[in-house]
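Novice: Build me a structure from this.
(chains A and B)
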Amino acid sequence: MSELALHIPNGIVDIPTSLAFGLVAVLAVGACTVAARRGLDERLVPLAGLATAFIFAAQMLNFPVAAGVSGHLLGGALAAALLGPWLGVLCVTVVIAVQALLFADGGVTALGLNVVNMAVIATVAAYGVIALALKLLPRTRVGLTVAVFAASVVSVVAASAGFVLQFAIGGEAPGQTLGEVAGAILSVHVLIGVGEGAIAAAAVVAVALARPDLVHALKGARLAEAPTAKETARP
Amino acid sequence: MNGAEGLYRPGASPLHRLAPQAKLTALVALTFAVVATPREAVWAFGVYAALLAGLFALARVPAGWIASRSLVEAPFALLALAFPFLGGGETVHWGPVELSVEGLWAGWNLIAKATLGVWAALLLAATTPVASLLAGLTRLRCPQILLQITAFAIRYAHVSAAEVAQMRRARLARCDDPRFLWQAGALARSLGVVFIRSYERGERVWQAMAARGYTGRLPLDVGPAGAGIGQWSAAMAVPAVAAGVALWAAVGA
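Specialist: Residues are numbered from 1 along each chain as shown, chains lettered A, B, ... in the order given. The predicted structure is shown next:
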């Protein structure tokens, strides 16, 4: 919901760690590009471009959380549910890079860190949760809502856990133990994840009702109608 | 954020005329120099700030604009302000409050490096149009596929954003009174609709491109202009000074 403490600026994590995660980001994004191209071939550029434009729009949508504080979506779970893991990672990566270069949001040296946390970890974690949940839950409105909601919470918390890991490797702890830092950051992000999950789940269900073929997580299937009282009563 | 233009401020200063690939390289070099500077060398950060202030003046970017755009780092600044109260170890007394020395240094380190990084990135964003930025990234051998996706995304971001705003206006016109959390449902549903429209627009754009003979490769053989040695040395002068300062501070400290 709010992007508190997620766009890491310069100087919070040291240079060797930043460079190492930059390499991880390059490899991961390269693999996703290859996989996404296999799925979409020549449609990749226009479709990924427009999907990224949508994520920009989704992030631009500010809404008030409390007095004076407004939040916006991170979009990892939304991208994973609607676009699938490969295209999702690609789109969120482009968003993060544009925000760092065009809008000075997130440090240039921390670009690799931010891409690993918010694009790779958040999207892949969200997709894993959705895929698993849709195997266990019925493919109904409620099932999809629960799956996307859980995926959002997990993705936001996983992204912040990625930050905690990077901070543990290359950050300068201000005297308190890592456990305290981790506890504070993770607990805040559970709350953020709940807010993000509510919006993302409602949005994905809205798409699933109108155009189920566009929800990657459903693999082209329609949502099953939940049996109504009338139908179950019939012999 | 205003999608299509980024934070670009039109102008004709020497910084606007500099080749984008040189500016990008200079930005990366400068931020690495800043981050590598030991935090105890307070004077070095003063030098960096003075350098950037000089460049902003050269590019005719007003200070108020920089200040308002620097707010993106506000959440981290708050974190930095909390460090002195959270930190352990040695403490100093400042009036009635006890501040951790280690926490003060950590907070200073974070604020100084993050602010200088934001300023440097703002300088690039203010003096470089989006199209030249992408051209510069092409010269720096950034993968074409990512740049093409980025170009499409930036070109259409304002359309999708305008759709979101338009749907909100339409709701308001129909006597919706959005307050606090109650608007979340309507907001999420309109987000779903914007996704469908964006995806369909993507398919239409692809069909139009296919009709014109697109086979997965944009005919962009007209490569962006290269930069001469003069351009490069002008752009790299400031990072070179910063790297010198960083080295001096590291050796001196």
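Novice: Strands of chain A, start to end?
Specialist: A:63-66, A:69-71 (DSSP state E).
Novice: Residue A:32 reaches residue A:92, doesn't it?
Specialist: No - in this structure residue A:32 lies outside contact range of residue A:92 using Cβ atoms under 8 Å: 10.0 Å. Just so you know, the C-beta spots here come from the backbone N, C-alpha and C atoms, and that holds for glycine as well.
Novice: Verify the stated contact: residue B:24 with residue B:123.
Specialist: No - judged on Cβ under 8 Å, residue B:24 makes no contact with residue B:123 at a distance of 11.6 Å.
Novice: With neighbour numbers in mind, choose between these two.
Specialist: residue B:123 (24 against 21; other Cβ atoms under 10 Å in any protein chain shown).
Novice: Which one's more surrounded, residue A:32 and residue A:92?
Specialist: Just comparing residue A:32 and residue A:92: by other Cβ under 10 Å the higher neighbour count belongs to residue A:92, 29 against 22.
Novice: if I pick the residue nearest to residue B:167 when sequence neighbours are not counted, what's in contact with it?
Specialist: The shortest distance from residue B:167 to any non-neighbouring residue, by Cβ to Cβ, 6 or more residues apart in numbering or on different chains, is to residue B:190 (4.3 Å). Contacts for residue B:190 (Cβ atoms under 8 Å, 6 or more residues apart in numbering or on different chains) come out as B:164, B:167, B:168, B:171.
Novice: how close does the last one sit to residue B:189?
Specialist: Plainly put, residue B:171 is 10 Å away from residue B:189 if you go by Cβ to Cβ, to the nearest Å.
Novice: and if you look at the first one?
Specialist: Here the distance between residue B:164 and residue B:189 works out to 12 Å (Cβ to Cβ).
Novice: what do you get for residue B:168?
Specialist: Distance of residue B:168 to residue B:189, computed by Cβ to Cβ: 12 Å.
Novice: for residue B:57, same thing?
Specialist: Counting by Cβ to Cβ - residue B:57 and residue B:189 are separated by 48 Å.
Novice: With neighbour numbers in mind, choose between the two.
Specialist: For residue B:57 versus residue B:189, neighbours defined as other Cβ under 10 Å are more numerous around residue B:189 (20 against 12).
Novice: Same question for the top helix by length along chain B: list its buried residues.
Specialist: Longest helix of chain B, by residue count under DSSP state H: helix B:144-173. For helix B:144-173, a neighbour-count test (16 or more other Cβ atoms under 10 Å in any protein chain shown) marks B:145-161, B:163-164, B:167-168, B:171 as buried.
Novice: Could you give the separation of it from the chain centroid?
Specialist: From the chain centre to the centre of helix B:144-173 is a distance of 19 Å (Cα atoms, centre = their mean, to the nearest Å).
Novice: other SSEs contacting that helix?
Specialist: For helix B:144-173, the packing partners by 3 or more Cβ pairs under 8 Å, 6 or more residues apart in numbering or on different chains; DSSP states H and E come out as helix A:15-40, helix A:44-60, helix A:85-102, helix B:130-139, helix B:184-211.
Novice: between that helix and helix A:15-40, how big is the angle?
Specialist: 80 degrees (axes from the mean of the first three to the mean of the last three Cα atoms, to 10 degrees).
Novice: Now do the contacts for residue A:112.
Specialist: Contacts of residue A:112 by Cβ under 8 Å, 6+ apart are A:18, A:19, A:20, A:21, A:22, A:23, A:24, A:25, A:26.
Novice: All good on my end, thank you.
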